[in-house]
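[1] Can you look at this prediction? I've put the sequence above it.
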Amino acid sequence: MKTLLTCLGIALIAGGTFAANAPLQLSLTPDIALVDRSETVEGLILNIWGENQQSALALGLVNGSTGDSKGLSLAFILNYADNYTGVQWASVNYTKGDFLGWQNGFVNYTDGRMKGLQTGLVNYAGDLTGLQFGFVNYAENAETGVQIGLVNLLPANAWFTALPDELAPGMVLVNWRF
């Protein structure tokens, strides 16, 4: 164990010496990591807290993804991204831009276009194309979307005037817009 910790320490101190598109990232924080945060990681990422552009499997407490990242991101606390394609599972998932894939957690938040599936207690999408399944679902707008939950809010909808294409701005159990 002592040898493993020594090797990990040496690897972290030597961070930044690898070329772009590194196959492995080990990160205590974004600034204390095997690979500099400005580099792209294509492979495996193990984080306490990390932040890289990636095409990878990311495992950690807090996983940060910059630029247009993709892959499978599993975090105990938080996944955050600029734009992400793939799967994000954490207590909280936050995407500043666009998300394509599946977000699963207590809170899922995509500020831009969310295309795919959100499953959680609270789901938010700026522009929904897909399915939100949770207790509270909110989509600022929906091109084609369905919400299933206790409270479903689609403020762009009108009250029952455009059936069957859209239901209402707020509904219990189910809401949609096509």
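    Great, that's in hand.
[2] packing partners for the lengthiest strand in the chain?
    Secondary structure of the chain per DSSP state E: the longest strand is strand 99-153. Applying 3 or more Cβ pairs under 8 Å, 6 or more residues apart in numbering; DSSP states H and E, one finds that strand 99-153 contacts strand 40-89, strand 92-95, strand 170-177. Every C-beta, even on glycine, is put in place using the N, C-alpha and C of the backbone.
[3] Can you say which of the ones you listed is nearest to Gly105?
    With Cβ to Cβ, the closest approach to Gly105 among those belongs to strand 92-95: 4.9 Å.
[4] Quick check: can you name the pairing partners of that closest one and their directions?
    Sheet pairing for strand 92-95, assigned by DSSP bridges, gives strand 40-89 (parallel), strand 99-153 (parallel).
[5] With only the CA atoms kept, save it in CSV.
    Extracted C-alpha coordinates of strand 92-95, given in CSV (Å, rounded to 0.1, in the frame of the first residue of the first chain):
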residue,chain,number,x,y,z
VAL,A,92,-26.5,16.2,-8.9
ASN,A,93,-25.9,16.4,-12.6
TYR,A,94,-25.4,19.9,-14.1
THR,A,95,-24.8,20.7,-17.8
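[6] Work out the gap between that strand and the centre of the chain.
    Distance of strand 92-95 from the chain centroid (Cα atoms, centre = their mean, to the nearest Å) equals 5 Å.
[7] Likewise for stretch 125-144?
    Relative to its chain's centre, stretch 125-144 lies at 15 Å (Cα atoms, centre = their mean).
[8] follow-up on the earlier one: got the angle between the longest strand of the chain and strand 170-177?
    140 degrees (axes from the mean of the first three to the mean of the last three Cα atoms, to 10 degrees).
[9] now strand 99-153: mean pLDDT?
    What strand 99-153 shows for mean pLDDT is 97.
[10] does Tyr138 have beta-bridge partners, and which?
    Beta-bridge partners of Tyr138, as defined by DSSP bridges: Tyr124, Leu153.
[11] ok, now Trp102?
    Beta-bridge pairing for Trp102 (DSSP bridges): Val87, Leu117.
[12] Next, count neighbours for it.
    When neighbours are counted by other Cβ atoms under 10 Å, Trp102 registers 18.
[13] Check the gap between it and Tyr80 for me.
    Noted for Trp102: a distance of 16 Å to Tyr80, by Cβ to Cβ, to the nearest Å.
[14] re the thing from before, and of the helices and strands packed on strand 99-153, who's closest to Asp111?
    Asp111 lies closest to strand 92-95 among those, at 6.8 Å (Cβ to Cβ).
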